[in-house]
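J.: take a look and give me a structure for this.
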Amino acid sequence: MRDSHAKARRREEGNRAWRCLPRPCGGREQGVDGLAASDLTTPPPLRAFASSRESSAFSLIELLVVMAIMALMISLLVPAFNSIGESNRITSATQIVVAELNKSRQEAIARNRAVEVRLYTIAPKDEPGNTSLRAVRALRSIVLDESANYGSNARFGRLFHLPGGIQISTNTTLSSTTLSTNSTEPLPGFGSSTYVAFRFRPNGGTDLSTNVTWTLVSDRGRGAPPPNFATIQLDPRTGRVRLFRP
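T.: This next block holds a predicted model:
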């Protein structure tokens, strides 16, 4: 009797232990913490990561296309920037000439003396020894003495240089007055320099017989007129200055 009870108890304990063992799930063996044994040995799929990297990268053809577009844009923008810089220098040169002419006229009236304006043919300021680049690039005014001569009371004004690469054109289709040589004057750093001159009288007029037109252009300017230029017109009777820009 005792043996049968003992056998039944052992059988029940065996069944209870069997129920506590991990069971197969979907036909797969169970491993640690309920994971399938195959899950512990099979690496995660890499296809998703690889495709993500491929979609975020650029191909060689795409890079070449971008570089070609950038090169085209630069080739179009550089001439535009050069033209803007050239136009600004012409504007600055025009302001220098107009200001000096107006100041000379006002001084002639205020001092009741003749004031001479000289336009010098010199090389560029940064290349004073390059005689092949000589052009009308500087000007100054001189307040003469009471006898309209260069006596001890004459006062030489400051020498103004036009901005680099800008000149007053001597092309007769651009400047109506031929800037023929009147005389020479030694200038520091430039040596003996030729100039053309005219005078403002005490009444504000000039000693010129006809209208004077000067056109300021770039050294690289081509055509008559070139793309960028400014024209200054001087009325010989009144001495007043007018400016024209395209």
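J.: mean pLDDT per helix and strand in this protein: which one sits at the bottom?
T.: When the helices and strands of the chain are compared on mean pLDDT, DSSP states H and E, helix 37-41 comes out lowest with a mean of 51.
J.: residues near the residue nearest to residue 151 when sequence neighbours are not counted, how many?
T.: Setting aside the residues directly before and after it, residue 151 is nearest to residue 145 in space (CB to CB, 6 or more residues apart in numbering), at 3.8 Å. All C-beta spots, glycine's among them, are computed from the backbone N, C-alpha and C. Here the count is done by other CB atoms under 10 Å, and residue 145 has 14 residues near it.
J.: and the longest helix for this structure?
T.: Among the elements of type helix in the chain, defined by DSSP state H, the one spanning the most residues is helix 60-111.
J.: show the average pLDDT along that one.
T.: Model confidence over helix 60-111, given as mean pLDDT, is 87.
J.: immediately after that helix, which helix or strand?
T.: Stepping forward along the backbone from helix 60-111, the first helix or strand reached (DSSP states H and E) is strand 115-122.
J.: can I get that next one in PDB, CA atoms only?
T.: Taking Å, rounded to 0.1, in the frame of the first residue of the first chain, the C-alpha atoms of strand 115-122 are listed here in PDB:
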ATOM      1  CA  VAL A 115      42.900 129.700 -62.000                       C
ATOM      2  CA  GLU A 116      44.600 127.300 -64.400                       C
ATOM      3  CA  VAL A 117      43.600 123.700 -64.600                       C
ATOM      4  CA  ARG A 118      46.200 121.200 -65.900                       C
ATOM      5  CA  LEU A 119      45.500 117.700 -67.200                       C
ATOM      6  CA  TYR A 120      48.600 115.500 -67.100                       C
ATOM      7  CA  THR A 121      49.600 112.600 -69.400                       C
ATOM      8  CA  ILE A 122      51.400 110.100 -67.100                       C
END
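J.: ok, which stretches of this structure are strands?
T.: When assigned using DSSP state E, the strands of the chain occupy the ranges 115-122, 135-143, 155-156, 160-161, 166-168, 183-187, 191-200, 212-218, 229-234, 241-244.
J.: those strands: which one's closest to residue 91?
T.: Taking CB to CB, strand 229-234 is the member of the strands of the chain nearest to residue 91, at 7.1 Å.
J.: quick one: buried residues of that closest one?
T.: Residues of strand 229-234 classed as buried under the neighbour-count rule (16 or more other CB atoms under 10 Å) are 229-232, 234.
J.: cool, stretch 205-217 as well?
T.: Buried residues in stretch 205-217, counted by 16+ other CB under 10 Å: 205-206, 208, 212, 214-217.
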